[in-house]
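Participant: Have a look; sequence and predicted model below, questions after that.
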Amino acid sequence: MKKASANIDREAFYELPEALKLIKKNATAKFDETVEIAINLGIDIRHADQMVRGIVALPHGTGKTTRVAVFAKDAKAKEALNAGADLVGAEDLAEKIAKGEMNFERCIATPDMMAIVGRLGKVLGPRGLMPNPKLGTVTNDVAAAVKAAKGGQIEFRAEKTGIVHAGVGKASFSDDALLENVSTFISAIVKAKPSGSKGSYLKRVSISSTMGPGLKLNVATLFG
């Protein structure tokens with residue numbers, strides 16, 4: 001970290017292309033580090049009209065495998081399995097989750113399964129895993145939902161402090177691929193601006209690799 005920090009100015013505001021080059025240069029861990037973005041938003045999520053949540057497909061994926069759980073029965077369960085779902089079930093899957101078996105990053109359900117899924121709200125909700133029709137995770141087209149989740153689609157949700165975090169690729173990605181992924185993610189955040197947000201919306205944006213120092217981005221030129 002000290003060596004990486006010596007190459008950057010922690011107080012400077014970097015243009016996105018330059019920041020990505022520095023991040024890739026400083027990502028020297030023995031594993032392929034994730035490139036992570038943190039966006040401070042001008043919102044107060046205590047108010048219902050200022051919540052920021054959505055879903056976005058990164059053009060070059062995230063670089064990691066997403067494990068997907070699907071609540072479905074019969075033909076829909078088969079569709080989910082054929083599409084690549086890692087866990088598929090109904091009451092049996094609910095029992096596993098209730099016992100703490102949460103080895104998945106995305107949860108999808110057919111509408112008829114929501115009575116079962118609803119009982120898991122206190123378990124899935126805090127982890128941001130509760131299926132939601134607005135995010136396309138409550139659907140009869142489970143095959144498409146599973147393929148999207150496996151293909152680089154990610155969910156985002158503002159935390160209590162108004163910050164959105166996301167992994168937007170790997171340090172091994174090309175500069176152009178990372179640039180497209182980050183730009184796509186920021187565009188999705190801008191489109192998700194809630195009606196209740198007044199004044200400055202994108203307040204601060206920083207980017208880093210898993211083990212590297214954070215670099216502040218010049219917000220004013222992100223869409224220049």
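Facilitator: Nice, thanks for sending it over.
Participant: all strands of this structure, in order?
Facilitator: 13-14, 34-41, 53-57, 68-71, 87-89, 106-109, 153-157, 163-170, 202-209, 215-217 (DSSP state E).
Participant: I'd like these as TSV, with mean pLDDT, mean neighbour count and distance to Leu81 appended.
Facilitator: For every residue, glycine as well, the C-beta is placed using N, CA and C. Compiled in TSV, the strands of the chain are given as follows (pLDDT from 0 to 100; neighbours: other C-beta atoms under 10 Å; distance: least, C-beta to C-beta, whole Å):
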stretch	mean pLDDT	mean neighbour count	distance to Leu81
strand 13-14	93	18	45
strand 34-41	96	21	28
strand 53-57	91	17	22
strand 68-71	97	28	8
strand 87-89	96	21	5
strand 106-109	96	26	12
strand 153-157	90	19	19
strand 163-170	95	21	26
strand 202-209	94	19	35
strand 215-217	94	21	41
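Participant: got the buried residues for the longest helix seen in the chain?
Facilitator: For the chain, the helix that runs over the most residues, judged by DSSP state H, is helix 175-191. Buried residues in helix 175-191, counting neighbours by 16 or more other C-beta atoms under 10 Å, are found at Ala177, Leu178, Leu179, Glu180, Asn181, Val182, Thr184, Phe185, Ile186, Ala188, Ile189.
Participant: Return the residues in contact with the fifth one.
Facilitator: Pointing back at Asn181 there. By C-beta atoms under 8 Å, 6 or more residues apart in numbering, the contact list for Asn181 reads Leu58, Pro59, His60, Val168, Gly169, Phe173.
Participant: now with 6 Å?
Facilitator: Residues near Asn181 by C-beta atoms under 6 Å, 6 or more residues apart in numbering: Leu58, His60, Val168, Gly169.
Participant: For the spatially closest residue to the second one that is not a sequence neighbour, give its distance to Val168.
Facilitator: Okay, so that is His60. The spatially closest residue to His60, leaving aside those adjacent along the chain, is Ala177, at 4.1 Å (C-beta to C-beta, 6 or more residues apart in numbering). Relative to Val168, Ala177 is positioned 10 Å away (criterion: C-beta to C-beta, to the nearest Å).
Participant: hmm, back to that, dump the longest helix of the chain to PDB, restricted to CA.
Facilitator: C-alpha atoms of helix 175-191 as PDB (Å, rounded to 0.1, in the frame of the first residue of the first chain):
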ATOM      1  CA  ASP A 175      -8.300   0.200 -20.000                       C
ATOM      2  CA  ASP A 176     -11.100   0.500 -22.500                       C
ATOM      3  CA  ALA A 177     -13.200  -2.200 -20.900                       C
ATOM      4  CA  LEU A 178     -12.900  -0.700 -17.500                       C
ATOM      5  CA  LEU A 179     -13.600   2.800 -18.900                       C
ATOM      6  CA  GLU A 180     -16.800   1.400 -20.500                       C
ATOM      7  CA  ASN A 181     -17.900  -0.400 -17.400                       C
ATOM      8  CA  VAL A 182     -17.300   2.500 -15.100                       C
ATOM      9  CA  SER A 183     -19.100   5.000 -17.400                       C
ATOM     10  CA  THR A 184     -22.000   2.600 -17.800                       C
ATOM     11  CA  PHE A 185     -22.300   2.300 -14.000                       C
ATOM     12  CA  ILE A 186     -22.100   6.000 -13.300                       C
ATOM     13  CA  SER A 187     -24.700   6.600 -16.100                       C
ATOM     14  CA  ALA A 188     -27.100   4.200 -14.400                       C
ATOM     15  CA  ILE A 189     -26.600   6.000 -11.000                       C
ATOM     16  CA  VAL A 190     -27.400   9.300 -12.700                       C
ATOM     17  CA  LYS A 191     -30.600   7.900 -14.400                       C
END
